[in-house]
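Asks: sequence and predicted structure are below.
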Number of protein chains: 2
Amino acid sequence: MSERSVPPILNERAQHLLKVLVQRFIRDGQPVGSRALSRASGMDLSSATVRNVMADLEEGGFIRAPHTSAGRIPTDKGYRFFVDSLLTVNPLNPSEIDRLKVRLDDEAGTEGLVETASTLLSGVTHLAGVVTLPRRNHSRLRHVEFLPLSDRRVLAILVVNEKEVQNRVIHTDREYSRDQLQAVANYLNAQFSGRDVTTVRETLLEEMAAHRDDMNELMDSVISVASQVFGEQEQCEDYVLAGETNLMTFTELSDVEKLRELFQAFNEKRDILHLLDRCLAADGIQIFIGQESGYRAFDGVSLVTSTYSVEKDVVGVLGVIGPTRMAYDRVIPIVDVTAKLLGHALNTSQ
Amino acid sequence: MSERSVPPILNERAQHLLKVLVQRFIRDGQPVGSRALSRASGMDLSSATVRNVMADLEEGGFIRAPHTSAGRIPTDKGYRFFVDSLLTVNPLNPSEIDRLKVRLDDEAGTEGLVETASTLLSGVTHLAGVVTLPRRNHSRLRHVEFLPLSDRRVLAILVVNEKEVQNRVIHTDREYSRDQLQAVANYLNAQFSGRDVTTVRETLLEEMAAHRDDMNELMDSVISVASQVFGEQEQCEDYVLAGETNLMTFTELSDVEKLRELFQAFNEKRDILHLLDRCLAADGIQIFIGQESGYRAFDGVSLVTSTYSVEKDVVGVLGVIGPTRMAYDRVIPIVDVTAKLLGHALNTSQ
DNA sequence: TTTAGCACTCTACGCGGTAGAGTGCCAATC
DNA sequence: GATTGGCACTCTACCGCGTAGAGTGCTAAA
């Protein structure tokens, strides 16, 4: 066999043709034939030559033919190569950046900000936007308050980070009066106000270990109540989705059964959260193309994400969900910029 | 003209045939022909006679033919008559009721309850469930607390109804110290704890009017701060939807454009809320069939709702959204029972 | 290595014919 | 007068067929 089977890496011509093919397909949504590609490539090659190259690309798994006599469309692998090696992104127009910035900076409060960011992403891209709620590992305790409920239950109200209010019901091993609870609260506020919540938890554990035997009544109560209040908080992982209905307009997703699977995944949240978690781990822009994510519902769907940070700490992920045939060159900078702006807005608002 | 045009009311035979026709169509989803109907009616009528009756029913607007040579299907008006006058509901199996009850009673907290109810409705009916958040006009004030923020803003934390925590940021006309705010809180707690929030609001307004001129500094602060805290609360109207994806499996809704409109309506919430509001006003079971609701997106879709109550006060609406071709005889008792159970669960949980 | 040419394949579309379901009407019947 | 059998008619769904158009793969020549 004198001919090498599949070139280990695509030569420049093949790369360029792949690039043009993907761009065309993203623009028109139609399979691209050899003649159209030879014209569009600007390379002065006959369609026959282009056909040869396309045969190589197909063998390499970058493109495929929906049927014998149609043009070719990119495979997931083709999109991947396109995104990794061929893509040239147009940076966002400064005036567009400003519009986004204004909309985000106007919004007060964490909850509203996240929702606005998601809506903005979906609005600007005409795809679905997704933003995870920020999770701060560094929450400064501001104030704590207790109210007795019936049946040895106590309502604990925590104010952290300036103006975030959390509340939870804890079960105590004995009945506490209003005054006793007030005393515990006073002690905690005096001792720990302004401190990091995780530090508070650790300090309490140490105290408990150190003074196990010789504790006065107050300290006993403090430890008993506070250990529950500051116990491991189940990270309420969640995300805000916007503009899902945009996805219904794409012909490649017009199969109702496919749509149902995708929307089911949105509702169940588990798979999506897992995917977003993977993005959180890897700093910066992340792209999942079609089946790469490993979830069946994501067939034909891509996810472009970026992490966003508050004071250098990565606290969340945001991104865009759309058909694999999306305008990556536009979407990527939009996601990138929105992530930075959201981080900034969160920074100033607290 | 010797023949009357359209009988003002359907005679018994026509009613029975309409009933059987609707039941058949709900079961099979196929247009019902005269022969099939004459067999199914159990009335020993020839198909020709049935044809005559069907012609009358069509003229009366109760049924229509999708095309010349298909059977007939019910119109919205046909479903309406069916639901109002012909329907016999099978009451729910006691064991099924028990299953629902257990699931709801297990769930703690308002938020979780509402979500569970919605999921239950969707799960049992295989349609979409919808539950509005309960809005209580009677909220007993339990405790109030203030924390100063920067820029003359104050974080107010309200505990109402045993363990519901609300918080809001108010803007004051001057800077308050922590102690001043504490004094205001102490006064409010002493004076109004256990009282209805609306009563508190009214009382404050009266005080303000009565002592406009001769107020001491404390009272001035109290009025200034509290009037904002207890000001008209924008009723945060909202609902929890579950199982929307179930709707995607119905062939009559398989048109993607129709689905998109419906889901858009779910997301925008405005129209749905308006519809649910109308249900709230009318106590008990309400049914909107297809275009009756007046919203384009509801073409081919029905909504079955019931109000639910806490201590005799109607506080919310819950229901099921599905194709007009839904099993009303099953759905109606399910909605009815779930509403009662949710009311009961809310009652005991607080 | 590139290219022109050509046979081949597949889809989309329109046409015609048929089977099947169901209707509407009319005249006969109870 | 209500009911019924009969019959012509209509419409859909389906199948087979032929055609136009797009695009391919292969081969032989440049």
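Replies: Arrived safely.

Asks: how far does the strand or helix carrying A:Val169 sit from its chain's centre?
Replies: In the assignment (DSSP states H and E), A:Val169 maps to strand A:164-171. Remark: strand A:164-171 is offset 27 Å from the chain centroid, using CA atoms, centre = their mean, to the nearest Å.

Asks: would you map the helices across chain A?
Replies: In chain A, the helices defined using DSSP state H lie at A:12-28, A:34-41, A:47-59, A:76-81, A:94-106, A:110-125, A:178-192, A:197-210, A:217-229, A:256-268, A:270-281, A:328-349.

Asks: and the first one, what does it pack onto?
Replies: Using 3 or more CB pairs under 8 Å, 6 or more residues apart in numbering or on different chains; DSSP states H and E as the contact criterion, the neighbours of helix A:12-28 among helices and strands are helix A:34-41, helix A:47-59, strand A:73-74, helix A:76-81. For glycine as for every other residue, the C-beta is placed from the backbone atoms N, C-alpha and C.

Asks: name the residues of the strand holding A:Val169 that come out as buried.
Replies: Buried residues in strand A:164-171, counting neighbours by 16 or more other CB atoms under 10 Å in any protein chain shown, are found at A:164-167, A:170.

Asks: between the residues you listed, which is nearest B:Arg13?
Replies: Among the buried residues of strand A:164-171, A:Asn167 lies closest to B:Arg13 (CB to CB), at 63.4 Å.

Asks: ok, the closest one to chain B distance?
Replies: 4 Å (CB to the nearest CB, to the nearest Å).

Asks: ok, now which ones touch that residue?
Replies: Residues near A:Asn167 by CB atoms under 8 Å, 6 or more residues apart in numbering or on different chains: A:155-158, B:163, B:165.

Asks: number of nearby residues for A:Leu149?
Replies: 16 (other CB atoms under 10 Å in any protein chain shown).

Asks: in the stretch 1-150 of chain A, where is pLDDT below threshold?
Replies: A:1-8, A:108-109 (pLDDT under 70).

Asks: any idea of the mean pLDDT in the strand holding A:Val169?
Replies: Here strand A:164-171 scores 82 as its mean pLDDT.

Asks: go on, stretch A:220-229?
Replies: Here the average pLDDT along stretch A:220-229 is 83.

Asks: and that stretch, how far from the chain's centre?
Replies: Worked out by CA atoms, centre = their mean, stretch A:220-229 lies 36 Å from the chain centre.

Asks: buried residues in it?
Replies: A:221-226, A:229.

Asks: quick check, nearest of the residues you listed to DNA strand D?
Replies: A:Val229 (64.4 Å; CB to the nearest atom of the strand).

Asks: out of the helices and strands packed on helix A:12-28, deepest packed?
Replies: Scoring those by mean neighbour count under mean count of other CB atoms under 10 Å in any protein chain shown gives strand A:73-74 as the most buried, with a mean of 24.

Asks: sheet partners, orientation included, of it?
Replies: Here strand A:73-74 has these sheet partners by DSSP bridges: strand A:63-64 (antiparallel).

Asks: so the strand holding A:Val169 versus helix A:197-210, what angle?
Replies: Using axes from the mean of the first three to the mean of the last three CA atoms, to 10 degrees, the inter-axis angle of strand A:164-171 relative to helix A:197-210 is 30 degrees.

Asks: please list the residues of the stretch 151-300 of chain A that sit near chain B.
Replies: A:155, A:157, A:159, A:162-163, A:165, A:167, A:169, A:242, A:244-245, A:248-249, A:254, A:256-257, A:259-260, A:263-264, A:267 (CB under 8 Å from any CB of the partner chain).

Asks: I would like a PyMOL command selecting only the buried ones among those, please.
Replies: Restricted to buried positions by 16+ other CB under 10 Å, the PyMOL selection for those reads:
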select buried, chain A and resi 155+157+159+163+165+167+242+244+245+248+256+259+260+263+264+267
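
Asks: can you tell me how far the closest residue to A:Arg152 other than its chain neighbours is from A:Glu207?
Replies: Excluding its sequence neighbours, the residue lying closest to A:Arg152 (CB to CB, 6 or more residues apart in numbering or on different chains) is A:Thr172, at 5.1 Å. As for A:Thr172, its distance to A:Glu207 is 18 Å (criterion: CB to CB, to the nearest Å).

Asks: same check on A:Gln180?
Replies: 18 Å.

Asks: enumerate the residues of chain A near DNA strand D.
Replies: Chain A comes close to DNA strand D at residues A:31-36, A:47-48, A:51, A:54-55, A:58, A:65, A:68-72, as judged by CB under 7 Å from any atom of the strand.

Asks: how about 10 Å then?
Replies: A:21, A:30-38, A:46-56, A:58-59, A:63, A:65, A:67-72 (CB under 10 Å from any atom of the strand).

Asks: near DNA strand C too, which of those?
Replies: A:34, A:38, A:46-53, A:65, A:67-70.

Asks: near chain B, list only the ones from these.
Replies: Of these, not one also sits near chain B (CB under 8 Å from any CB).

Asks: from those, which is closest to B:Ile287?
Replies: Of these, the one sitting nearest to B:Ile287 (CB to CB) turns out to be A:His67, at 48.3 Å.

Asks: so what's the residue count around that closest one?
Replies: With other CB under 10 Å as criterion, A:His67 counts 6.

Asks: that one and A:Pro31, how far apart?
Replies: Distance from A:His67 to A:Pro31, by CB to CB: 9 Å.

Asks: quick one, what contacts A:Phe146?
Replies: Taking CB under 8 Å, 6+ apart as the definition, contacts of A:Phe146 comprise A:154-157, A:176, A:181-182, A:184-185, A:225.

Asks: out of the residues you listed, what pair is the most spread apart?
Replies: A:Ile157 and A:Tyr176 (15.0 Å).

Asks: keeping just the C-alphas, turn stretch A:18-28 into PDB.
Replies: This file holds the C-alpha atoms of stretch A:18-28, laid out as PDB (Å, rounded to 0.1, in the frame of the first residue of the first chain):
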ATOM      1  CA  LEU A  18     -13.200  22.600   6.400                       C
ATOM      2  CA  LYS A  19     -13.300  26.100   7.800                       C
ATOM      3  CA  VAL A  20     -15.200  27.400   4.900                       C
ATOM      4  CA  LEU A  21     -17.600  24.500   4.900                       C
ATOM      5  CA  VAL A  22     -18.400  24.900   8.600                       C
ATOM      6  CA  GLN A  23     -18.900  28.600   8.200                       C
ATOM      7  CA  ARG A  24     -21.300  28.000   5.200                       C
ATOM      8  CA  PHE A  25     -23.200  25.400   7.100                       C
ATOM      9  CA  ILE A  26     -23.500  27.600  10.200                       C
ATOM     10  CA  ARG A  27     -24.800  30.400   8.000                       C
ATOM     11  CA  ASP A  28     -27.200  28.500   5.800                       C
END
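
Asks: gap between that stretch and the chain center?
Replies: The answer for stretch A:18-28 is 27 Å, by CA atoms, centre = their mean.

Asks: and for it, what's in contact with it?
Replies: A:10, A:31-32, A:36-37, A:40-41, A:54, A:57, A:62-63, A:72-74, A:78-79, A:81-82, A:86, A:325-328.

Asks: kindly recompute the last result at 6 Å.
Replies: A:32, A:37, A:40-41, A:57, A:62, A:73-74, A:82, A:86, A:325, A:327 (CB atoms under 6 Å, 6 or more residues apart in numbering or on different chains).

Asks: what of stretch A:312-321?
Replies: By CB under 6 Å, 6+ apart, stretch A:312-321 touches A:121, A:125, A:127-132, A:134-136, A:276, A:279-280, A:303-305, A:307-308, A:331, A:335, A:339.
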